[in-house]
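[1] The sequence and its predicted three-dimensional model are supplied below.
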Amino acid sequence: MYKSNDLIFRTTTSLIAFILLGFSIYLLFAGHNSPGGGFIGGLMTSSAIVLMYMAYGAGVLEKILPINYRMLVPVGLLLAVGTGLGSFLFQQPFLSHTYDYFQFPIFGELELATAMLFDFGVYFTVLGVTVTIILTIAEDR
């Protein structure tokens with residue numbers, strides 16, 4: 001019986017997944033001021049997770065990341081819609097966003113925007129949908 005030698009694949013996956021996850025977080029946080037956002041950040045994160053599933057298998061990755069990806073979809077949708085509905089509390093149109101600058105001990109002055117909450121909702125929704133679809137197709141035999 002032939003057993004594949006996937007040492008190179010697993011080793012490079014560790015490095016590539018780390019780079020993909022770091023870049024996806026950057027895209028998520030930079031999205032409300034420049035290109036990026038929750039959608040592309042969610043796609044990049046899901047590609048890193050799927051790559052790790054391919055390299056290490058479902059059993060190992062479910063021990064490392066015990067996440068129910070199907071539950072990320074309603075959480076993300078509620079967060080995105082809740083951000084839009086939150087504008088009604090201040091008598092503003094749906095999906096109106098605001099921002100302000102805050103002082104943090106280590107990071108200094110940072111801009112925080114309510115659009116970031118919407119991006120997190122989109123991020124969780126895209127991550128949940130994409131990983132669920134790909135893993136469902138992969139399990140179909």
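    Perfect, I can see it now.
[2] Please, where are all the helices along this protein?
    Here the chain has its helices, by DSSP state H, at 7-30, 38-56, 58-64, 69-86, 115-139.
[3] Out of those helices, which is the most enclosed?
    Comparing the helices of the chain by mean neighbour count (mean count of other CB atoms under 10 Å), helix 38-56 comes out on top with a mean of 20. (Glycine included, C-beta is placed from N, CA and C.)
[4] Now do that helix: which elements does it pack against?
    In terms of contacts (3 or more CB pairs under 8 Å, 6 or more residues apart in numbering; DSSP states H and E), helix 38-56 is packed against helix 7-30, helix 58-64, helix 115-139.
[5] Out of those, which gets nearest to residue 71?
    Closest to residue 71 of the helices and strands packed on helix 38-56, according to CB to CB: helix 115-139, at 7.2 Å.
[6] rewinding a little: could the helices and strands packed on helix 38-56 go into a markdown table alongside distance to residue 105 and mean pLDDT?
    A markdown table is the format used below for those (distance: least, CB to CB, whole Å; pLDDT from 0 to 100):
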| stretch | distance to residue 105 | mean pLDDT |
| --- | --- | --- |
| helix 7-30 | 18 | 90 |
| helix 58-64 | 31 | 88 |
| helix 115-139 | 20 | 92 |
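[7] With respect to residue 86, which of the ones you listed lies nearest?
    Closest to residue 86 of the helices and strands packed on helix 38-56, according to CB to CB: helix 115-139, at 8.1 Å.
[8] how big is the angle separating that closest one from helix 38-56?
    Taking axes from the mean of the first three to the mean of the last three CA atoms, to 10 degrees, one finds helix 115-139 and helix 38-56 inclined to each other by 30 degrees.
[9] Surely residue 109 touches residue 100?
    No: counting by CB atoms under 8 Å, residue 109 stays clear of residue 100, with 10.5 Å between them.
[10] show me what contacts residue 83?
    Contact analysis of residue 83 by CB atoms under 8 Å, 6 or more residues apart in numbering lists 95, 97, 114, 117-118, 121.
[11] In TSV, list the helices and strands packed on helix 38-56 along with distance to residue 82.
    Listed next are the helices and strands packed on helix 38-56 as TSV, based on distance: least, CB to CB, whole Å:
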stretch	distance to residue 82
helix 7-30	18
helix 58-64	29
helix 115-139	8
